[in-house]
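Student: Structure of the sequence below:
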Amino acid sequence: MTQPARRGRMPAVSDADIRRVARDILADQGAQALTLRAIARALGVTAPALYRYYPSREDLVAAVRRDVVVHMSEELAAQVAELPDDGVIRLFAICRGFRCWALAHRNEFTLVFASPADGGTGGLRRFDESFGLVFLEAAGRLLATYDLATPPTDLIPEALRGDLIGFQEELLAVLAESGQKFPAEKLDVGVAYLMMTMWARLYGHVTLEVFGNYPMPVSDPEVLFDAVLADLAAGIGLSVG
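Tutor: Take a look at the predicted model:
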């Protein structure tokens, strides 16, 4: 009697395999293609084989998002580590590095920086994440060694002050936990306001460039970006080379 053919075993997969393939799919096809079924197909397994690692697509996307942020942060930190120990040089090098990373990783940028912060799977709001810590380390150095031109408190909109005080307290806690030593009194509400508006302008500019939404044709976007950085620096009483 002929024995029935035995089915081959499903190849074993690991969490590292899943995340590696997920990053590849994200980079090549965008977040909309990032599904458990697509990853399972690429790995030669069935989608249920992935459920013990990720019960839902949302869990998977959140993990990929964290990986993207960590890898970007490590890349920027490595670049900055080669620079002089100067807050201005390092902070604006991070700004340039962020732009370069965003242009080279448009799909990853979209997932992390241009998605709603729903359930922690998209968006980047907190400075205690790895990218925020790289940014804050340079900002801490800058605060420790430079006097910034901050707006008088009475020029800051009254409706924002409660939010800014909360933001100021969060920044102080993050900086303290990171082990940085700087005069805490320098991070007042005016500095918190400057940091928030500086990030908004930097993020807004990079987003416009990544998605090609400049209101006019720009023949040399890098020159425009450098002009924006120079303007940001001048607004806080500094100059950037």
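Student: any low-confidence regions in the protein?
Tutor: Where the chain drops to pLDDT under 70, the residues are 1-11, 117-128, 180-182, 241.
Student: Please point out which parts of stretch 205-213 sit buried.
Tutor: 205-206, 209-210 (16 or more other Cβ atoms under 10 Å). C-beta: built from backbone N, CA, C; applies to glycine.
Student: Any chance of JSON lines for these, columns distance to residue 84?
Tutor: Listed next are the buried residues of stretch 205-213 as JSON lines, based on distance: Cβ to Cβ, whole Å:
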{"residue": "205", "distance to residue 84": "25"}
{"residue": "206", "distance to residue 84": "24"}
{"residue": "209", "distance to residue 84": "27"}
{"residue": "210", "distance to residue 84": "29"}
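Student: With secondary structure and distance to residue 71 as new columns, can those be given to me in CSV?
Tutor: CSV is the format used below for the buried residues of stretch 205-213 (DSSP: H, G, I helix; E, B strand; the rest coil; distance: Cβ to Cβ, whole Å):
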residue, secondary structure, distance to residue 71
205, helix, 23
206, helix, 18
209, helix, 21
210, helix, 18
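Student: Just name the closest of those residues to residue 132, please.
Tutor: The nearest member of these to residue 132, counting by Cβ to Cβ, is residue 206 at 15.4 Å.
Student: wait, which of the buried residues of stretch 205-213 is closest to residue 72?
Tutor: When the buried residues of stretch 205-213 are compared against residue 72 (criterion: Cβ to Cβ), the nearest one is residue 206, at 12.7 Å.
Student: which residues sit in contact with the closest one?
Tutor: Residue 206 makes contact with 98-99, 102, 109 under the criterion Cβ atoms under 8 Å, 6 or more residues apart in numbering.
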